[in-house]
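Engineer: have a look at this prediction, sequence included:
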Amino acid sequence: MSLPEPLLAAINGKWYTPGDSDISVSGLISPPRLRVLTDKHKPEEDPLDMIWRVLGSATHAMVERAAEGLDGWLMEERLYTHVGGWDVGGQIDWYNVQRKELWDLKVTSAWSVLKGEPKPEWVAQTNCYAQLLRENGHDPACISVACILRDWTKSKAADSDTYPQQQVVTLDIPVWSSRQCCDYMGERVALHQQAQQAADNGDPLPRCTDAEMWTRPGKTAAMKKGRKRAMKLFDTQAEAVNWRTRQTDASEIYLEDRPAVYPRCGTGKGDGYCAVYEWCNQAKGRAK
Ligand code: SF4
């Protein structure tokens, strides 16, 4: 599909630059393998895949402009600190100096807040921002995220108790101590430095973890002849076999292996979210 030039200009605009640092907070929390491969291959993304990011940037810019003149708020402030020999930079969204409140804005899917709790990476990211504030003379006491749910629908809200009931949801983030933040940032910097060194030396890169690949582990499904849906799912085949022997209709039950899936990586058919799949032997090796 050809897009109109003004929209393409918006998509290709540099709405965020990492500033003068060795690594940004976003880089710090991302998988070291992914970051090194991205730096090396600079993958081109399909403009249509970047639309959500443009909407996020536009929302940040709109709020920043609207808040001009509000007393006591630091808006979109870029801050730096030094960790393990690297300069770490990050741009906080909004900080209220008097109330010591740090806010982070997310333009995200309704699905991502279904559990009513923040994602682990949001907790890590915002606590790194809190630490940047501390290192720059502030004393944040609480952290929250304001989530604008881009795909929220009224009809789903009416049909479900677990679906968010409003298009904007705020979530509190547990505040780490300064020591916890320093430890976390120190560990992440060390992991990224190791990955960088491996890349420079031509050594194998550290592997992405299951959490980083958003892994859904493999299961064994107990299936019954004539039924499409699994009767029950088990973490291991041994558990499934054990369960089947206790069923009165055991002869009609067969077991089916459901392999693990890695949504972030995908399978190389354009179904993943990682832009460096093409150069990643960890993910490609698995697909063989
Ligand atoms: S494709 Fe998967 S394993 Fe490879 S860098 Fe991306 S997330 Fe990590």
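Structural biologist: Cool, got the structure.

Engineer: in stretch 271-282, what's buried?
Structural biologist: 272, 274-277, 280, 282 (16 or more other Cβ atoms under 10 Å). The way it works is simple: take the backbone N, C-alpha and C, and place the C-beta from them, glycine included.

Engineer: what of stretch 205-222?
Structural biologist: 205-206, 208, 212-213, 215, 219-222.

Engineer: which residues of the stretch 151-288 of the chain lie near the ligand?
Structural biologist: 208, 213, 264-265, 274, 276-277, 280, 282-283 (Cβ under 6 Å from any ligand atom).

Engineer: do a quick rundown of the helices in this structure.
Structural biologist: Here the chain has its helices, by DSSP state H, at 5-12, 25-29, 32-41, 51-66, 120-135, 154-159, 178-201, 237-245, 281-287.

Engineer: and those helices, which one averages the lowest pLDDT?
Structural biologist: Lowest mean pLDDT of the helices of the chain: helix 5-12, a mean of 84.

Engineer: for that one, packing partners?
Structural biologist: helix 51-66 (3 or more Cβ pairs under 8 Å, 6 or more residues apart in numbering; DSSP states H and E).

Engineer: okay, the angle between the helix it packs on and helix 5-12?
Structural biologist: Orientation of helix 51-66 against helix 5-12 (axes from the mean of the first three to the mean of the last three Cα atoms, to 10 degrees) gives an angle of 90 degrees.

Engineer: related to what we said a few turns ago, just the buried residues of stretch 205-222: which are in strands?
Structural biologist: 219-222 (DSSP state E).

Engineer: next up, phi/psi of the residue in the stretch 101-250 of the chain that the ligand sits nearest to, please.
Structural biologist: The nearest approach of the stretch 101-250 of the chain to the ligand comes at C208, 3.3 Å away (Cβ to the nearest ligand atom). As for C208, its main-chain torsions (degrees, to the nearest 10) stand at phi -70, psi 140.

Engineer: name the nearest residue to it, ignoring sequence neighbours.
Structural biologist: P31 (4.6 Å; Cβ to Cβ, 6 or more residues apart in numbering).

Engineer: equivalent analysis for D87, please.
Structural biologist: Per Cβ to Cβ, 6+ apart, closest to D87 is S21, 4.4 Å.

Engineer: go ahead and confirm the one you found touches Q91.
Structural biologist: No: using Cβ atoms under 8 Å, S21 is not in contact with Q91, being 10.5 Å away.

Engineer: what's the neighbour count on the residue nearest to C208?
Structural biologist: Using other Cβ atoms under 10 Å, P31 has 23 neighbouring residues.

Engineer: which phi and psi does it have?
Structural biologist: Dihedral pair for P31: phi -60, psi 130, per degrees, to the nearest 10.

Engineer: ok, G90 - contacts?
Structural biologist: The neighbours of G90, taking Cβ atoms under 8 Å, 6 or more residues apart in numbering as the test, are 24-26, 78-80, 128-129, 132.

Engineer: considering those residues, which is situated nearest to S155?
Structural biologist: Nearest to S155 out of the contacts of G90 is S26 (Cβ to Cβ; 33.9 Å).

Engineer: so who does the residue nearest to that closest one when sequence neighbours are not counted touch?
Structural biologist: Closest residue to S26 apart from its sequence neighbours, by Cβ to Cβ, 6+ apart: Q125 at 7.0 Å. Neighbouring residues of Q125 by Cβ under 8 Å, 6+ apart: 25-26, 29, 104.

Engineer: and the two most separated of the residues you listed?
Structural biologist: I29 and D104 (12.5 Å).

Engineer: E44 versus the residue in the stretch 1-150 of the chain that the ligand sits nearest to, what's the distance?
Structural biologist: Across the stretch 1-150 of the chain, the shortest distance to the ligand (Cβ to the nearest ligand atom) belongs to L34, at 4.0 Å. Separation of L34 from E44 (Cβ to Cβ, to the nearest Å) stands at 16 Å.

Engineer: A260: how many residues sit nearby?
Structural biologist: Residues near A260, counting by other Cβ under 10 Å: 12.

Engineer: excluding chain neighbours, what is closest to it?
Structural biologist: Nearest non-adjacent residue to A260 (Cβ to Cβ, 6+ apart): G218, at 4.1 Å.

Engineer: what residues are up against the one you found?
Structural biologist: So G218 contacts 257-260 (Cβ under 8 Å, 6+ apart).
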